[in-house]
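**Student:** structure, please.
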Amino acid sequence: MHQLTVFFDGNCPLCAREISLLKQLDTMQRLHFENIYATDFVSRYPYIDVVSADKRLHGELAVSYTHLTLPTNREV
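**Tutor:** The predicted model follows:
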């Protein structure tokens, strides 16, 4: 079971490369990644504001939702 779901901008080439690297490093498969621009994202995660998630990295622990305060590359 995944311990953390990370919501990322799948339209961002830099983000996609970072997620690809994280997937390679996650040998125990504790991370799960969700593209905030997937066509069914809003229906599956209605409690996550896509505009906000595009500005600040959001994550969801297996036991609860939390807002991670990491800037995206749009803020850097």
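
**Student:** who's residue 5 bridged to?
**Tutor:** Residue 5 forms beta bridges with residue 32, residue 60, as assigned by DSSP bridges.

**Student:** what's around it, how many residues?
**Tutor:** 16 (other C-beta atoms under 10 Å). Using the backbone N, CA and C atoms, a C-beta is placed for each residue, glycine as well.

**Student:** quick thing: my sequence starts at 46, can you match it?
**Tutor:** With 46 as the first residue, the last one maps to residue 50.

**Student:** you'd agree it is up against residue 104?
**Tutor:** Yes: shown here, residue 50 and residue 104 form a contact pair, counting by C-beta atoms under 8 Å, at 6.4 Å.

**Student:** just the strands from the protein, written as ranges.
**Tutor:** 49-53, 76-80, 101-106, 110-116 (DSSP state E).

**Student:** pLDDT on the third one, on average?
**Tutor:** Model confidence over strand 101-106, given as mean pLDDT, is 85.

**Student:** what's the single longest helix in the chain?
**Tutor:** When the chain is parsed with DSSP state H, its longest helix is helix 58-70.

**Student:** now that one against strand 101-106, angle please.
**Tutor:** 30 degrees (axes from the mean of the first three to the mean of the last three C-alpha atoms, to 10 degrees).

**Student:** report the angle between the axes of helix 58-70 and strand 49-53?
**Tutor:** Using the same axes, to 10 degrees: helix 58-70 against strand 49-53 is 160 degrees.

**Student:** report the contact partners of residue 97.
**Tutor:** Going by C-beta atoms under 8 Å, 6 or more residues apart in numbering, residue 97 touches residue 103.

**Student:** any idea how far residue 106 is from it?
**Tutor:** 18 Å (C-beta to C-beta, to the nearest Å).

**Student:** again with residue 57
**Tutor:** From residue 57 to residue 106 the distance is 23 Å (C-beta to C-beta).

**Student:** look at these two and report which has more neighbours.
**Tutor:** Set residue 57 next to residue 106 and count neighbours by other C-beta under 10 Å: residue 57 wins out with 17 against 11.
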